[in-house]
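Novice: 3D model of this:
(chains A and B)
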Amino acid sequence: MTAVDATGKVSVSAAEEIPARERLINLAIDVFLFAFSLLMILPLVFLVSNAFKTPQELLAWPPTIIPAEPTVENFRAVLADTPLARWIFNSLTFAVLSTLSIVATSAISGYVLAKFRFRTLSVIFVIILATAIVPFEVYMIPLYFQAQALGILNSTWGLLLGYLVMSFGIFLIRQNVMHSIPDELLEAARIDGAGEFWIFWAIVLPLLRGALGALAVLAFFQAWTAFAWPMIVTTTRETYTIEVGLALFQTGFTVDLGRLSAASATVLIPSITLFVILRRNFVQSVAATGLKE
Amino acid sequence: MLAFLPTLAIFAWVRIYPITETLRLSLHKWDILSKNKPFIGLDNFRELFHDRLFLDALVNTSIIAFGVLAVTIPLAITIAALIHHRTASRFSGFYETAVFIPHVVSLVPAAMAWKWIFDAKLGPLNALLQYFGVPAQPWLFDPVLSVICIIVLCSWQALGYAVLIYLVGFKSLPVSLFEAAKLDGAGGIQRFWYVSIPLLKPITLYVSVVTLISGFNVYAQAFVLASDSQGAPGRLVRVLVLDMLENSFRNYRVGYAASEAVVLLAIVLVLTLIQFGLLREKGRA
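Specialist: Numbers count the residues shown, from 1 in each chain, chains lettered A, B, ... in the order given. Okay, the predicted model is just below:
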């Protein structure tokens, strides 16, 4: 926030020197950024608006942003044609369980890797970091056969298998513990006779709340938007996640645009709302990934 | 301490084991149905580089990855610079959110929106072009145009992330340097070109590598955009991940698919090593 203030001041003092010209340039920049921002969200705006249009209006040129005769017919048709609610429920269960698992495993291992110093642990940490580079797509085929051997294809557990841990999450929490939890604090607690588990639960976890929150948001959206893995793990209509369900629904040839838009809008609106609410958390966690180097 | 063990076990089970398994399978011939999996050394790889479909996929994927890079980086650094310049503005929050939203929305619904835009008959893009006297193009049915469409879609999504990372970068730049440059008479564009861009080089490197790697993993975008109405998904624009999954689950050639995965891994590793190498070089200079 301080950086923001500093730059704010700089532009103010600049405005004093050459007020008219500077202000004109700033106005031009604002206009440009505003137009660009609108352009970025325009496809999504159209998608939502198409969802409420009648078939005739969908063909109109120029396309209208606010439907002239809004209709919920598309939504009704989609809900009748597809187990949309079921798919959303599947995605939601998958995403929530994956988030819980990633947060728990990252918190424990991040803490242990940051605060206990043994040679084996540093080796383990290097291995974890190294696997973070490997894209999921590289090892998902063997993972598929593991799921098959366990007999958990076409189930939430099968989906979850690929999303139980996140190498980056472990890394993120480890960095956080190293920066924000001083050794002296833990030592003091130990001298007072606190058990290791109690220290973790009552001292470490509360201090990590911010980082864990950010990680949770990241993990949730990662699972919610997963595509390739659910695509191969689920093969029955009832077990699809929303992403897979929609993708396969749109390849069917009887599908019309209004229904597709309605189905997409049903998925988009909650996730955009969630994002706008959690924006701070999200931006923080994504920005943290950029500080990797 | 002991609580760490279950996590380690899970980690080994769902990460280490499948990764080594991929490496192992890539050297074997395993066609699911056959019971034995003979060791065949590098035969899979040798076959890969004579496989038209694979080479096709490799070329397409590379074009997409580098195309997205070429669109995203210059655009992202410009937009980030402008947003940073206007941090004081009332709308800066709106700019950030609007640019970032495409990065978080679910991929398939977002791709659906673009599919409509590019649609040859109903899409507004063709309607707009015709308005200016340009004939309608079969965007999603032409092998070249559909690659462009995928690049547009992927860049639209990648941009938000790149802008965000650049914004973090801009905020960490020392203000004093800019004031010094200003005193020396450097204008806004000069300051951007001669001060910001060189200072942001490590960030550019990082964002480039991340963008390229995710470009090489492109799958869903191609699946949704380039699947035709007959339900033959992704035939038109073959990408690496698609080719890999098809070999594994349609042709039942798991060992062969694993060797494709190893090629993908090799590409990613090389890109990462280049990043580290350049960063270290910079640190020494």
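Novice: next one: A:Ile141 from A:Thr234, what distance?
Specialist: Counting by C-beta to C-beta, to the nearest Å, the separation of A:Ile141 from A:Thr234 is 16 Å. To be clear about C-beta, it is placed using only N, CA and C from the backbone, and glycine gets the same treatment.
Novice: just give the nearest non-adjacent residue to the residue nearest the centre of chain B, would you?
Specialist: Centroid check for chain B by C-alpha atoms, centre = their mean gives B:Gly215 as the closest residue, at 2.1 Å. Ranked by C-beta to C-beta, 6 or more residues apart in numbering or on different chains and with sequence neighbours excluded, the top spatial neighbour of B:Gly215 is B:Ala65, at 3.0 Å.
Novice: helix, strand, or coil at that neighbour?
Specialist: Reduced to three states with DSSP: H, G, I helix; E, B strand; the rest coil, the structure at B:Ala65 is helix.
Novice: so what's the residue count around it?
Specialist: Taking other C-beta atoms under 10 Å in any protein chain shown as the neighbour definition, B:Ala65 ends up with a count of 24.
Novice: so what's it up against?
Specialist: Taking C-beta atoms under 8 Å, 6 or more residues apart in numbering or on different chains, we find B:Ala65 in contact with B:211-212, B:215-216, B:218.
Novice: at 10 Å what do you get?
Specialist: For B:Ala65, the set of contacting residues under the criterion of C-beta atoms under 10 Å, 6 or more residues apart in numbering or on different chains consists of B:151, B:154, B:211-218, B:239-240, B:267, B:271.
Novice: pretty sure the residue nearest to the centre of chain B contacts B:Leu153?
Specialist: No: with contacts counted by C-beta atoms under 10 Å, B:Gly215 stays clear of B:Leu153, the gap being 11.6 Å.
Novice: got any residues that touch both of those two?
Specialist: The overlap between the contact sets of B:Gly215 and B:Leu153 (C-beta under 10 Å, 6+ apart) consists of B:64, B:68, B:221.
Novice: for the spatially most central residue of chain A, which non-adjacent residue is closest in space?
Specialist: Note on chain A: the residue nearest the mean C-alpha position is A:Phe221, at 2.4 Å, using C-alpha atoms, centre = their mean. Beyond its immediate neighbours in the sequence, the residue positioned closest to A:Phe221 (C-beta to C-beta, 6+ apart) is B:Val104, lying 5.8 Å away.
Novice: that neighbour and B:His50, how far apart?
Specialist: The spacing between B:Val104 and B:His50, counted by C-beta to C-beta, is 41 Å.
Novice: ok, now B:Gly133?
Specialist: To B:His50, B:Gly133 is 46 Å away according to C-beta to C-beta.
Novice: returning to that earlier point: and B:Val104 and B:His50? Which one has more around it.
Specialist: Taking other C-beta under 10 Å, B:Val104 and B:His50 do not tie; B:Val104 has more neighbours (23 against 8).
Novice: the more buried one contacts A:Trp224, doesn't it?
Specialist: Yes: taking contact to mean C-beta under 10 Å, the distance of 9.3 Å between B:Val104 and A:Trp224 places them in contact.
Novice: give me the common contacts of these two.
Specialist: What both B:Val104 and A:Trp224 touch, as defined by C-beta under 10 Å, 6+ apart, is the set A:271, A:274.
Novice: next one: stretch A:73-92 to chain centre, how far?
Specialist: Relative to the centre of its chain, stretch A:73-92 is centred 22 Å away, using C-alpha atoms, centre = their mean, to the nearest Å.
Novice: any regions of the stretch 151-293 of chain A where pLDDT drops low?
Specialist: A:252-255, A:282, A:284-293 (pLDDT under 70).
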